[in-house]
Structure formats: C-alpha cells, structure tokens
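[1] With the input below, show me the fold.
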Amino acid sequence: MAAIGFIGLGNMGAPMAANLLKAGHQVLGFDIIGAARQRFAEKGGRLAGSAAEAAAFGEFVMTMLPAGAEVRAVYLGEEGVIAHARKGALLVDCSTIDVESARLVAGRAAERGFDMLDAPVSGGVGGAEGASLTFMVGGSDAAFARAEPALKVMGKTIVHCGPAGNGQAAKICNNLILGVSMIAVSEAFALAERLGLSAQTLFDVSSRSSGQCWSLTSYCPVPGPVPSSPANRDYKAGFTAAMMLKDLRLAEQAAVATASVSPLGAAAANIYQLFTGEGGAGLDFSAIYRFVRRE
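    You can find the predicted model right below:
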C-alpha cells in the first residue's frame with residue numbers, strides 16, 4: 001500500500017481520498033477549508049497542517065483543485081508541491097484545468113526531477129463516491145503504469161491519452177460534446193411538449209433510433225423516462241451547471257489557442273452563462289432543460 005498526500009478535499013476530492021483509505025492506502029489530506037478537513041477526519045483520514053506537509057508525506061501526491069490558478073499556486077509556490085515533495089514522488093493532478101497550465105506545471109515538475117500526470121475525471125460526485133470515475137490521463141507511459149493501480153481504486157475506466165496535457169484535452173473535448181448534446185436534447189423535449197408529443201413517447205423513439213446519446217438515455221433532463229437522472233430529484237447536482245460552464249469556457253479557450261472553429265461550443269457556453277446568471281449555477285447541468293423550455 002502507498003503513502004499518498006492528497007490536497008483538495010472538496011466535493012470530489014474527499015470521496016476520492018476516502019476510497020484510497022478504504023483500499024488500505026495511507027492518506028494525509030489537506031484543504032484550505034476547515035469544514036472540508038473536518039469531513040475528511042470524520043472518515044478516518046489524517047490531516048496535514050499545510051499543502052507542503054501533505055506533499056512531503058507521500059510517494060504519491062494527488063490534487064483535486066478548482067482551476068488552473070489554484071493548480072499553479074499549489075504546485076509552483078514556495079510552499080508548494082514541487083518545492084516540498086519527497087524525491088521520486090509521482091505527482092498526479094486530477095483537477096480540470098486549461099491545457100496550457102497542465103503542460104506548464106508538468107514541465108516545471110520535470111525540471112525538478114518529478115514525473116507528473118494530468119488526470120482529470122468524469123463521473124461527478126456520484127462517480128467519486130462510488131469509485132466509478134473515468135480518468136483521462138496525460139503523461140509518460142512509465143508514470144501512467146505506476147499510477148494506474150491507485151487510480152483504479154477511485155475509478156472504473158482509466159485511459160492513457162498521451163503526453164502531458166492530453167488528459168485535459170480529452171476532458172475538455174468530452175465535455176464540449178456533453179454540454180452541446182444536453183442542450184440539444186432539452187430543446188427537443190421542449191419542442192415535443194409544444195407539439196403535443198409526450199416526453200415518454202419521444203424518449204421511446206429517440207432512445208432506439210438516431211437521436212440516441214448519453215444525455216438522453218443515461219441522464220435524461222426531463223422527469224420520468226430515466227428514474228436515476230437528476231431530473232427526478234429536482235436537479236440535485238451530480239455535476240453542476242457552473243462546472244459545465246467552466247469546462248465549456250475551457251473548450252472555448254482551447255479553440256482560440258488552436259485556431260479551431262467551435263460555434264456550437266460557444267453558443268452552449270453562452271446559454272449556460274445565462275442560466276447560471278439567473279440562479280442555476282448550483283443545479284445539475286441537466287437543469288438547462290428548465291431554461292430552454294420556458295415561455
């Protein structure tokens with residue numbers, strides 16, 4: 001079993017770290033939020049007094065942080081991971097951030113002799129709690145092979161996407177598909193309602209024909225057809241609208257950086273911006289159905 005320093009014990013990080021504990025790993029956790037530290041301690045986790053202390057603890061250092069700015073600060077600061085990690089530690093960042101930041105931090109880590117992986121996840125809080133996340137991993141073959149057993153404790157699907165930054169690239173592109181498709185499915189159900197076609201009938205047709213997609217069959221935004229979807233729990237978030245907006249903005253940023261054309265992605269980001277601005281930020285992203293169906 002490995003010694004792991006885990007930095008970032010929020011809604012995703014805490015259950016991920018808890019699953020490592022359940023598997024028998026030694027985990028020393030840290031978060032700047034006191035309530036997050038307390039929840040981790042209640043699950044049996046040991047607490048570090050700082051990010052530097054957590055970084056120095058493990059043969060692995062794992063992070064789950066909000067955005068690129070936090071990742072750069074935690075890894076590159078004087079009291080950060082790279083300055084304090086033990087020699088030979090493998091650094092694994094599970095945050096969803098911009099590709100440029102991921103490659104910058106990995107490059108700085110390499111300069112100091114550390115292997116680093118960017119390993120963003122898909123699956124939301126439910127996947128983190130159920131250890132069923134998908135990990136999209138960028139980094140060297142050797143680093144991936146070393147990290148894979150620990151990642152399998154937290155996830156069901158572990159995909160090596162190529163060199164540093166490619167994990168973030170895969171996550172951004174996947175969520176571009178997801179954000180656009182959820183809006184399209186929501187628009188179709190809203191139109192069906194006005195045409196006098198029931199939601200169940202549209203679901204029965206489209207789930208078995210060319211309109212089939214994950215946003216329809218696994219995460220249907222309309223109450224009824226898929227009992228497990230957030231639509232049947234008043235859109236209690238598994239993956240918030242605010243997080244979807246963040247990922248769509250990252251996709252926009254990447255499109256600009258690579259001179260790529262992404263009109264649907266830009267439109268989806270603007271729609272989610274309007275929705276979150278009207279109070280939908282904390283709802284599940286599938287609640288965009290409420291926005292598109294209104295009069």
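[2] From now on I want contacts and neighbour counts done on CA atoms only, so please keep to that.
    OK.
[3] Can you tell me what sits against the helix or strand of the chain with the lowest mean pLDDT?
    In the chain, the helix or strand scored least confidently by mean pLDDT, DSSP states H and E is helix 124-129, which has a mean of 90. When contacts are taken as C-alpha atoms under 8 Å, 6 or more residues apart in numbering, the neighbours of helix 124-129 outside the stretch itself are 11-13, 15-16, 19, 133, 154-155, 238-239.
[4] Which helix or strand lies directly C-terminal to that helix?
    Beyond helix 124-129 on the C-terminal side, the first helix or strand identified by DSSP states H and E is strand 133-138.
[5] Output the contacting helices and strands for that following strand.
    With contacts defined as 3 or more C-alpha pairs under 8 Å, 6 or more residues apart in numbering; DSSP states H and E, the packing partners of strand 133-138 are strand 115-118, strand 121-122, helix 141-154, strand 155-162, helix 166-194.
[6] Can you lay out these as TSV showing mean neighbour count, distance to Thr63 and mean pLDDT?
    Listed next are these as TSV, based on neighbours: other C-alpha atoms under 10 Å; distance: least, C-alpha to C-alpha, whole Å; pLDDT from 0 to 100:
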stretch	mean neighbour count	distance to Thr63	mean pLDDT
strand 115-118	28	10	98
strand 121-122	22	12	94
helix 141-154	17	13	97
strand 155-162	18	15	97
helix 166-194	20	14	97
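[7] Redo these as CSV? Include distance to Arg293.
    What follows is those, written out as CSV (distance: least, C-alpha to C-alpha, whole Å):
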stretch, distance to Arg293
strand 115-118, 38
strand 121-122, 27
helix 141-154, 37
strand 155-162, 34
helix 166-194, 5
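[8] for these, which one sits closest to Ser262?
    Nearest to Ser262 among the helices and strands packed on strand 133-138 is helix 166-194 (9.4 Å), distances taken as C-alpha to C-alpha.
[9] Of the helices and strands packed on strand 133-138, which is nearest Arg249?
    Distances from Arg249 to each of the helices and strands packed on strand 133-138 were compared using C-alpha to C-alpha; the minimum, 9.2 Å, belongs to helix 166-194.
[10] That closest one vs strand 133-138, what angle?
    Orientation of helix 166-194 against strand 133-138 (axes from the mean of the first three to the mean of the last three C-alpha atoms, to 10 degrees) gives an angle of 130 degrees.
[11] For the next helix or strand after helix 166-194, name the packing helices and strands.
    Next in sequence after helix 166-194, counting helices and strands by DSSP H and E, comes helix 199-206. Counting contacts by 3+ C-alpha pairs under 8 Å, 6+ apart, the secondary-structure elements packed against helix 199-206 are helix 166-194.
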